[in-house]
Structure formats: C-alpha cells, structure tokens
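Sequence and predicted structure, then a few things I'm wondering about:
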Amino acid sequence: MYVASLHWSLTQFSPATSNISPVNVQERLFGAAVVLFALGILTSLLSSVAAHTTEIRALSARRSSAETQLLKFFMVRKVSRKLGSRIISFMNNANKRYVGITHEDDLPLLKQMPQSLQIKLHAELYMPLMHASDIFSWIVDLDKSLLVRICHVAFKEKTFPPWFDVFVDNTTADGALYSLNGKSTYHQVSNDIFARAHMSTTGQGTRLSAASTKSRLSYEGNDKSALAPGTWICEMALWSEWQHCGMLLSESSLDMATLDAELLREVCTEHNAATSVILKKLAILAVAHVEQAQKDGDKISDLGFGPVIWNQLMYRAQMFRDAELKDILGA
C-alpha cells in the first residue's frame, strides 16, 4: 500500500502513468487538485533552473570575453609570457570567494539605523582595537569621547585574498592597519628609499611641518615578521606622510581594519580639546624620533617603535602639554 501511494504521488509530478484511478467524485476532485498543485511546483522548478542556467551562461560568457580581451591586450602591448601568466593566475584566484568575517559594508540594513545606534555599534566593534594600540590605550582614561568619535568616523574594514600584497614598499600609507583575522607576513625590502617626515598634525585648524629629510636608507632583504591577529602596523602614518618601508603579504584570507589618517586628523581638529593638543605634541615627538633614527642609521620599519618607545613619547607629550598649561596659568 505504501509503495503504491509513493508511486502514485511521483506520477503526479512527472509524465508517468499509474493504474490507480479515482472511483468517485471526491477522489477525482482530490486527484485534480494534486495535479494542479504539482503543475505549479513543476513550472516554478523548471523556471528557476532555466533562470540559473541562463545566469551561469551569461557569467561564463562575460568571463570568457574578459579573458580574451586580456590576452589580446598582452599580445598587442607585448607583455612577457611570465608576467602574463602571473596576472592570469591572480585573476583566476580573484574570482574565487574567500570566507572572512562579515563586514559592515556587507549589511546595507545597518546603514538605515539611527546614528546613535551606529555610534554605539562602532564603539563596541572598534574600542577593543583602541585598547590594543600602544598609542590610544593612553587616551581611554583621558578622553573616551574622542575615541568613540574616532571609532564611528575613521575605521574601515577590508578582506584580502591569500597571497595578496596589502601594501608594497615606497608607496604612501593612508593610515594605520589592524589585523582582525588571518595570517600575513611583513617583508622588510632591501632597497634604497627616500623617507620623508612631513607632518600634518591635529590642532585648531593648524598644520605643522617638521623639517623634511631625504636620508637614503638601506634595509635588509631577509627580514620577515609574521603579523598575528590583533596587531597594529603603520601607526606612524597617523602622524606623518609615511612611505611604506616594506611589503605586507597575506598568507590566507586576511581581514584588516584601517584607521584613516586624514579622517583621524579631522576628528581631532573638530574635537578641539586638551587631548588634541597632546596628540599634536605626540606627532612632533614621533617625527623627531624617526629623524633621529635616520641620522643614527637605525632601521626604520612599518612595524613601528614598540610599546616602550610609544609610552615614552606619550609621557613626554603629556609633560609638554602640562608645562605649557602651567605657563599659561602662571602668566
């Protein structure tokens, strides 16, 4: 009986026959209803399959056309076979989907939230990054409202595929980077570069310039440093126009948060509080430290100074600010 019922059910969704037929009006009405229901389901299924097939064919045609145009470009512009193969290999890998964390930009609904909720969300997302920073961990107790504003305005996130250069040497940094997830390696490039220490600091609408230096630096080519999740890099880009001293290469799907230097300066300028003055002093001291390291022949890296140096610089910045405040009150 169960096998007969299964066979009859399957025949309603396919062009097959069955020797089971209705014997009264009620069974005939039920059979007609089942046929109509099966017809709707079958039509919807075929339509969905046809639509997906058409979409796949169109995507394949576009990809084939793009590859043909790329090969034609290589031939016309006489690109070497070795370089062309590397580019094609990268493009093929770039078409794959890499699973990383979900970013805010992937969720358009979050943009529709009230700004108050967005500020709270960004504070919860990025305040732990501030605590992990050798610089901003000092500011938490001094001016938390400034950090909340920075979290809301100045952070962006991005996912990089495996074996992708996040940045290369001798290019201008847009801001500091924080590794959220994934593996990456920083390579100190063996190359002569020109380092500039032109500083744009925060303050009351002012821009300070430290003496630009063009000391030719030499770096070891074998230095490699693994960048673990939870690590900051390129923090000097927040205080000066910074040229990368090496290359950061992802070894897996890599999620990075970027603290935009220009947006950070705008937020600190608008904030216009005592903390902004301290950060201005910190910028001056940081650039002076880089210049002195260049004069001493020390190796400069995107990895930064380390917590000891940053703590010393922040302490001196606070001391300078307190001394200026005493002079003003004494006058």
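Yep, it's here. Residues are numbered from 1 along each chain as shown.

what about the chain, any weak spots by pLDDT?
Where the chain drops to pLDDT under 70, the residues are 12-19, 94-100, 190-222, 327-331.

Please state the backbone phi and psi of residue 90?
Note on residue 90: backbone dihedrals following degrees, to the nearest 10 are phi -70, psi -40.

any idea how far it lies from residue 246?
21 Å (Cβ to Cβ, to the nearest Å). For the C-beta atoms, the positions are set from N, CA and C on the backbone; glycine is no exception.

now residue 47
Taking Cβ to Cβ, one finds residue 47 at 54 Å from residue 246.

Of those two, which one has the most company?
More crowded of residue 47 and residue 246, by other Cβ atoms under 10 Å: residue 246, with 27 against 10.

Touching, that one and residue 185? I think so.
No - in this structure residue 246 lies outside contact range of residue 185 using Cβ atoms under 8 Å: 10.0 Å.

Over to residue 182: give its phi and psi.
The phi/psi pair for residue 182 (degrees, to the nearest 10) reads phi 100, psi 170.

That one: neighbouring residues, count only.
A count of neighbours around residue 182, defined by other Cβ under 10 Å, yields 21.

can you check residue 45 too?
Close neighbours of residue 45, defined as other Cβ under 10 Å, add up to 11.

how close does it get to residue 306?
Counting by Cβ to Cβ, the gap from residue 45 to residue 306 is 62 Å.

in the stretch 151-300 of the chain, which spans are helices?
Secondary structure of the stretch 151-300 of the chain (DSSP state H, counting those that start in this stretch): helices located at 261-271, 274-295.

I'd like to check which residues are in contact with residue 164.
249-250, 254 (Cβ atoms under 8 Å, 6 or more residues apart in numbering).

buried residues in stretch 132-141?
Neighbour counts over stretch 132-141 (16 or more other Cβ atoms under 10 Å) mark 133-139 as buried.

Now the two most distant members of those.
134 and 139 (11.3 Å; Cβ to Cβ).

can you pull out the strands in the protein?
Ranges of strands within the chain are 155-160, 165-167, 175-181, 184-188, 193-194, 216-217, 224-227, 232-233, 246-250, 254-260, based on DSSP state E.

okay, those strands in TSV with distance to residue 84 next?
Converted to TSV, those look like this (distance: least, Cβ to Cβ, whole Å):
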stretch	distance to residue 84
strand 155-160	23
strand 165-167	18
strand 175-181	31
strand 184-188	24
strand 193-194	29
strand 216-217	34
strand 224-227	28
strand 232-233	32
strand 246-250	21
strand 254-260	26
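
Which of the buried residues of stretch 132-141 sits closest to residue 301?
Closest approach to residue 301 among these (Cβ to Cβ): residue 134, at 14.4 Å.

close enough to count as contact, the closest one and residue 231?
No - using Cβ under 8 Å, residue 134 is not in contact with residue 231; the gap is 10.9 Å.

For residue 30, which non-adjacent residue is closest in space?
Leaving aside its chain neighbours, residue 30 sits nearest to residue 22 (7.4 Å; criterion: Cβ to Cβ, 6 or more residues apart in numbering).
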